[in-house]
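Peer 1: Need coordinates for the following:
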Amino acid sequence: MEMKLWVLSSFRKHCCLPCASLRHLSIAVKAKRYTKQKSKKKKETQEVLSSHEEKRIRKKLLTETEKKHTFRQLYPWKTKLEFAQHLKQSQTYYQDGLLAVNKPYGIPILGHLTDLETRQNIIQTLSSGVTPEGIPSLQDALPLLKDLYDVPHMEIIKAPERWTSGVTLLGTQPETKAKVQKSLRRSLAAQIPPLTYWAIVLGKTNPETYTGKVGMALEDVKEKGKVPVITLKYTKTAVKEALVKVNCVHHKVLVNNSETMSSLVEVKVQNKRWHFLRVWCAYNYSPILGDMLYGGRVRRVGGNPVLISPHNMTAYSPPKIFPSTLSRLGLSENTQELIPCHLHLYNICLEQYGTKKTSLNITAQPPQHFIWSCFQLGLMAEPIEEDVKEEVEMM
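Peer 2: Below is the predicted model of the structure:
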């Protein structure tokens, strides 16, 4: 009996030793595995933190870069007086009650939305995301300009819309406005485009040159209202009923750069109603650089430009800008909203103006950001100096 008990005890002892060892081994493995997992998790956490830190630094650097970017320097004036003084310094012509200045980009004509922008049956004008609040309008500067020029009268005769820079005609005498309007009516009757615009466009226009009449109509688009479209075929009845607006157009490419996929174009028109310039450039497969309103009407499929119907909602998404173009402009895809619309009213021709009945051409050079973009995109051999003088030509 004692022998059996000893054998049983000895058996249990020797059998339990391996089990205990296995338990200790299992605990050790689990502890090592836990330590390894904890170390890995800590390392991953550090990597995540490093990634977040890297993004924060990149965002900070990008923000600092944006603050110093040329497109951030569009509104240097701190007061209305400084703005009025800037307009006076940009004077391109002043004689016999007719004053011409160079309106900067982003300056509204009035202190409130224009008739086109408030009409519910027209697609709304998009504002720029980088435009600061409190920008003075042209109307706000008139009292100050009147004092600076020491004249009893000052009114706006003709000016480009807010998101276009260029020649702006003011009158310092009550009868000047009627003279200008009469001259513009002569151009309309003679089918001579009196307005010459310069624009930087994406791609190359097709066709490169065009001279002729172009119709523009409004189409009903679901959830968008009435949207302007180009139509080359129209009836006299449609024109008579004001369903189609006819415009005489002279269009040509001044410079093209295939490397940056951009061009500098000149477009002469009779009128600019319904955002004609923007719609026309998009219609010719070359949307204006910075045009967030109609730039989406052109997309690239297999490297070739394709027109998108205004009834397709893709046409209202932001335009796709070539990486090479963004790189030259010092921007990324996430910051392309900084790009202003590169459209400039370069010249106004007044047919048979004044007592001499001669044509008066008033020209204003593009703003510095426009010239800078031309230089960056290889559309200009060298940037024009800031003190370049605007041209005024009498013909």
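Peer 1: Distance-wise, check T325 relative to D150.
Peer 2: Note on T325: its distance to D150, by C-beta to C-beta, to the nearest Å, is 46 Å. Where C-beta positions appear, they are placed from N, C-alpha and C, glycine not excepted.
Peer 1: In terms of neighbours, single out the busier of those two.
Peer 2: T325 (23 against 7; other C-beta atoms under 10 Å).
Peer 1: phi, psi of C341?
Peer 2: Backbone torsions of C341, given as degrees, to the nearest 10, read phi -70, psi 120.
Peer 1: got the buried residues for stretch 134-146?
Peer 2: For stretch 134-146, burial by neighbour count (16 or more other C-beta atoms under 10 Å) applies to I135, P136, S137, L138, D140, A141, L142, L144, L145, K146.
Peer 1: need these in TSV with distance to T211, can you?
Peer 2: Output for the buried residues of stretch 134-146, formatted as TSV (distance: C-beta to C-beta, whole Å):
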residue	distance to T211
I135	37
P136	39
S137	36
L138	32
D140	40
A141	37
L142	38
L144	42
L145	38
K146	41
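Peer 1: Between those residues, which sits nearest L289?
Peer 2: Nearest to L289 out of these is I135 (C-beta to C-beta; 21.4 Å).
Peer 1: quick one on the thing from earlier: out of the buried residues of stretch 134-146, who's nearest K320?
Peer 2: Nearest to K320 among the buried residues of stretch 134-146, with distances taken as C-beta to C-beta, is I135, at 29.0 Å.
Peer 1: Of all residues in the protein, which one is nearest the centre?
Peer 2: G290 (2.3 Å; C-alpha atoms, centre = their mean).
Peer 1: I figured it was touching E337, is that so?
Peer 2: No - judged on C-beta atoms under 8 Å, G290 makes no contact with E337 at a distance of 9.1 Å.
Peer 1: Just confirm L277 is within a strand.
Peer 2: No - read with DSSP: H, G, I helix; E, B strand; the rest coil, L277 is helix and lies in no strand.
Peer 1: Near it, how many other residues are there?
Peer 2: Using other C-beta under 10 Å, L277 has 24 neighbouring residues.
Peer 1: What of the one 10 residues further on?
Peer 2: By the other C-beta under 10 Å criterion, the neighbourhood of P287 contains 27 residues.
Peer 1: For the buried residues of stretch 134-146, which two are the farthest from each other?
Peer 2: Largest pairwise distance in the buried residues of stretch 134-146, by C-beta to C-beta, is 20.4 Å, between I135 and K146.
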